[in-house]
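J.: sequence plus predicted model, see below.
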Amino acid sequence: MPLLCLVSSAKIRIFAGMVGWLFVFYKYYHTQLQYKCKKRVIFVSFYKQTEI
């Protein structure tokens, strides 16, 4: 029984680690995407201003 608990806790730890990494990657990707969108918006608005 203790061995089973140990194995399950190890699996849970690995699973939690994977979820954590996925979350980190998602947050990083999301912020990069937002930054790119903001940059594009700024660029477009600047371009329109110079066009006028």
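T.: Yep, it's here. Keep in mind that what you see is a predicted model, and the values were worked out from it rather than measured.

J.: please state the offset of the helix or strand harbouring residue 43 from the chain centre?
T.: Assigned by DSSP states H and E, residue 43 belongs to helix 2-51. Offset of helix 2-51 from its chain centre (Cα atoms, centre = their mean, to the nearest Å): 0 Å.

J.: now for it, which elements pack on it?
T.: Helices and strands touching helix 2-51, by 3 or more Cβ pairs under 8 Å, 6 or more residues apart in numbering; DSSP states H and E: there are none. (Glycine included, C-beta is placed from N, CA and C.)

J.: adjust the sequence numbering to begin at 7 for everything that follows.
T.: Noted, 7 is the first residue going forward, which turns the last one into helix 8-57.

J.: over that helix, what's the mean pLDDT, rounded is fine.
T.: Rounded to a whole number, the mean pLDDT of helix 8-57 is 84.

J.: pull the number of nearby residues for residue 52.
T.: Look at residue 52: counted by other Cβ atoms under 10 Å, it has 10 neighbours.

J.: and if you look at the one 3 residues further on?
T.: Residues lying near residue 55 (other Cβ under 10 Å) number 8.

J.: how near is it to residue 43?
T.: Using Cβ to Cβ, to the nearest Å, one gets 19 Å for the distance from residue 55 to residue 43.

J.: over to residue 53?
T.: 15 Å.

J.: how about residue 36, what does it touch?
T.: With contact set as Cβ atoms under 8 Å, 6 or more residues apart in numbering, residue 36 has no partners.
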